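Trainee: give the three-dimensional model of this entry:
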Amino acid sequence: MPCTEFSPSIFTRPVYADLVSRGAAPAIMLADGDGAEALIDLVARDASVMEQAHVMFIPLATNHGARLKALGAPSYHESPSFAACLERFQKALADARMGTSLYLAGTEGLIGQAMALAVAAGLAPGAIQAEHRGSIARRMQCVHCKGVTEAVTTDPFVCSHCGLTLFVRDHFSRRLGAFQGVCVDAETPGIVPPTQEIQP
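Mentor: So this is what the prediction gives:
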């Protein structure tokens, strides 16, 4: 599965590219689902990237774990969810020394949350790379109740916290690692456009 191509959008909408090796420098690698394929492709281009790599993988519904583990990183760990991996990821960020690269691959929900945590931990934005692979579902924050709904695939959608019907905006908060959703019928209560699948 290649890197996902997204339509041009507003300035805050994240843009992703293929991961690029920074050689044998210390690296933290975090991937979920099909993001494992991005790391596998990266190693195929430059195997030295695994020499000092700390790899964390969230399989989701894929079976890429054995192939990813076989790449021979000195540290490899699988977790059932990002929440289960969070403490390990934060420790890796806290222990990172100058010159450490962060490679993120997989869904936008994972990439957004991990990038926000990395920047908050003091990792330079230039040391972070992200490649989108897999589902185009979005992590959405309701601007009204501030609740976050994971894996949103339709527009509009119903906020899982306050029940408002929200418009799926392309505006992305890097601080929160989430897209922003606003009430779709605030000015015309009850008039809601037909639901459609989110497009890349």
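Trainee: after the helix or strand of the chain with the lowest mean pLDDT, which helix or strand is next?
Mentor: Using mean pLDDT, DSSP states H and E, the weakest-scoring helix or strand in the chain turns out to be strand 165-173, at a mean of 91. Remark: after strand 165-173, the chain's next helix or strand is strand 178-183, criterion DSSP states H and E.
Trainee: can you pull the buried residues of that next one?
Mentor: Buried residues in strand 178-183, defined by neighbour count with 16 or more other C-beta atoms under 10 Å: 178-181, 183. The way it works is simple: take the backbone N, C-alpha and C, and place the C-beta from them, glycine included.
Trainee: closest one of those residues to Gly112?
Mentor: Nearest to Gly112 among those, counting by C-beta to C-beta, is Ala178 at 6.1 Å.
Trainee: as a whole number, average confidence for stretch 25-44?
Mentor: Mean pLDDT, stretch 25-44: 97.
Trainee: wait, stretch 187-200
Mentor: Averaging pLDDT along stretch 187-200 gives 90.
Trainee: for it, C-alpha coordinates in PDB please.
Mentor: Below are the C-alpha coordinates for stretch 187-200, written out as PDB (Å, rounded to 0.1, in the frame of the first residue of the first chain):
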ATOM      1  CA  GLU A 187     -28.000  28.500  12.100                       C
ATOM      2  CA  THR A 188     -30.700  26.200  10.600                       C
ATOM      3  CA  PRO A 189     -31.600  23.700  13.400                       C
ATOM      4  CA  GLY A 190     -32.600  20.300  12.000                       C
ATOM      5  CA  ILE A 191     -31.400  21.000   8.500                       C
ATOM      6  CA  VAL A 192     -28.500  18.600   8.000                       C
ATOM      7  CA  PRO A 193     -26.900  17.700   4.700                       C
ATOM      8  CA  PRO A 194     -26.800  14.100   3.600                       C
ATOM      9  CA  THR A 195     -24.100  12.000   5.100                       C
ATOM     10  CA  GLN A 196     -21.200  11.100   2.800                       C
ATOM     11  CA  GLU A 197     -17.900   9.200   3.100                       C
ATOM     12  CA  ILE A 198     -14.800  11.400   3.800                       C
ATOM     13  CA  GLN A 199     -12.600  11.700   0.800                       C
ATOM     14  CA  PRO A 200      -8.800  11.900   1.000                       C
END
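Trainee: centre of the chain to it, how far?
Mentor: Centroid displacement of stretch 187-200 relative to its chain, using C-alpha atoms, centre = their mean, to the nearest Å, is 25 Å.
Trainee: in this protein, which spans are strands?
Mentor: For the chain, strands defined by DSSP state E occupy the ranges 27-32, 53-58, 75-78, 101-106, 128-132, 138-142, 148-152, 154-155, 157-158, 165-173, 178-183, 196-197.
Trainee: from Val152, how far out is the residue lying closest to Thr154 once chain neighbours are set aside?
Mentor: Leaving aside its chain neighbours, Thr154 sits nearest to Thr195 (5.0 Å; criterion: C-beta to C-beta, 6 or more residues apart in numbering). Here the criterion is C-beta to C-beta, to the nearest Å. By it, Thr195 lies 11 Å from Val152.
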